[in-house]
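>>> sequence below, structure please.
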Amino acid sequence: MLSRRLAEQGHYPAIDIEASISRVMPQVIQPEHLAKALEFKRLFSRYQQNADLIAVGAYVRGSDPQTDRAIDMLPVLQAYLQQGMTESFDLERSTQELIMSMSMPSPSMNTPSQGMRGGVSKGDRR
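I've put the predicted structure just below:
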């Protein structure tokens, strides 16, 4: 589902993944892809559900491991969801990057980022 709010923020493509539901997806993708897509959506949704608490400093790190991971992974999630208006990526490449992104440890648990944005180098985005 397209979102005017995301479009106004310069987020392209302006797809609201929380509002998007596919009944066909489980039938047309591989099980690993589906598992990583569901994990991605759960983490993104967890962050959004707690965004107000996080923004005002009321969320206490350590009180919920899934929210902690969602906070840590937010830059990776946001980077995966965006592309340039003239860029396009095929399903295979997007799937590989999703699996890679969701398989890596949270950035806060990693060593310094080694020049990578969101866990995927700028030239290798979806």
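
>>> show me what contacts Leu53?
Tyr59 (CB atoms under 8 Å, 6 or more residues apart in numbering). From N, CA and C alone the C-beta is placed, and that goes for glycine too.

>>> confirm it sits in a strand?
No. Read with DSSP: H, G, I helix; E, B strand; the rest coil, Leu53 is helix and lies in no strand.

>>> helix or strand for the residue nearest to the spatial centre of the chain, which one?
The centroid of the chain falls nearest to Leu77 when counting by CA atoms, centre = their mean (2.1 Å). According to DSSP states H and E, Leu77 maps onto helix 65-81.

>>> now for that helix, which elements pack on it?
Identification of packing neighbours for helix 65-81 by 3 or more CB pairs under 8 Å, 6 or more residues apart in numbering; DSSP states H and E yields helix 31-55, helix 91-103.

>>> make it 6 Å
helix 31-55 (3 or more CB pairs under 6 Å, 6 or more residues apart in numbering; DSSP states H and E).

>>> relative orientation of the helix it packs on and helix 65-81 in degrees?
If you take axes from the mean of the first three to the mean of the last three CA atoms, to 10 degrees, helix 31-55 sits at 110 degrees to helix 65-81.

>>> tell me the residue furthest from the middle of the chain?
In the chain, Ala58 marks the outermost C-alpha relative to the chain mean, sitting 23.1 Å out by CA atoms, centre = their mean.
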